[in-house]
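# okay, predicted coordinates and the sequence, questions at the end:
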Amino acid sequence: MLIGTSISLLFLLCQLQPTVGGQRFFNQTCQDDTDCDESRGLTCVNQVCQCTPYGETIHSFASNRCVGAAGKSCYMHPSDDANIQQPLCIENSTCHQYRFAYSQLCICDDNFYQTKDGQCAPVAKYGQACRDDEQLSCGDRISTSIR
């Protein structure tokens, strides 16, 4: 229950963030894409600033921007040098390049597994209780990760 309350409070705080330079942040209302802070990877979806639909990118509360979801393509963000793009992935994952497939995917780090919503959650340690809410799993890493 405490986790649900914390998430609800965090969601509410994100909605209350002020705009900067007229650009709106995650979960703030919008009319079109130009209202949303594109530098954070946001786009206007159903009149709310969101990450790309269909789960390719998800919002990272730690970095306050859209990043690649676990098991999906790394989000390529332009760096200060316009010729270089920086790959961004959700916390506890790393961008892996697969040369044979010419793709880059966000893969959960060791001791983390991929959740249904594209996050990387910790795997329970030996003797630790498992939970069904995907915050701590005793699931088989092979079935929950694409590594």
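Structure's in. What do you need?

# can you give me the helices in the chain?
Along the chain, counting by DSSP state H, helices occupy 2-15, 141-144.

# count of neighbours near Cys44?
18 (other Cβ atoms under 10 Å). All C-beta atoms are positioned from the backbone trio N, CA, C, and that covers glycine.

# please disregard the earlier target; I meant Tyr102.
7.

# the spatially most central residue of the chain and Thr34, how far apart?
Nearest residue to the geometric centre of the chain (Cα atoms, centre = their mean): Ile58, 3.4 Å. Distance of Ile58 to Thr34, computed by Cβ to Cβ, to the nearest Å: 22 Å.

# swap in Phe112?
36 Å.

# stretch 31-42 spans what distance, first to last residue?
Using Cα to Cα, to the nearest Å, one end of stretch 31-42 lies 13 Å from the other.

# mind listing what's buried in it?
Residues of stretch 31-42 classed as buried by neighbour count (16 or more other Cβ atoms under 10 Å): Asp35, Cys36, Asp37, Arg40, Gly41, Leu42.
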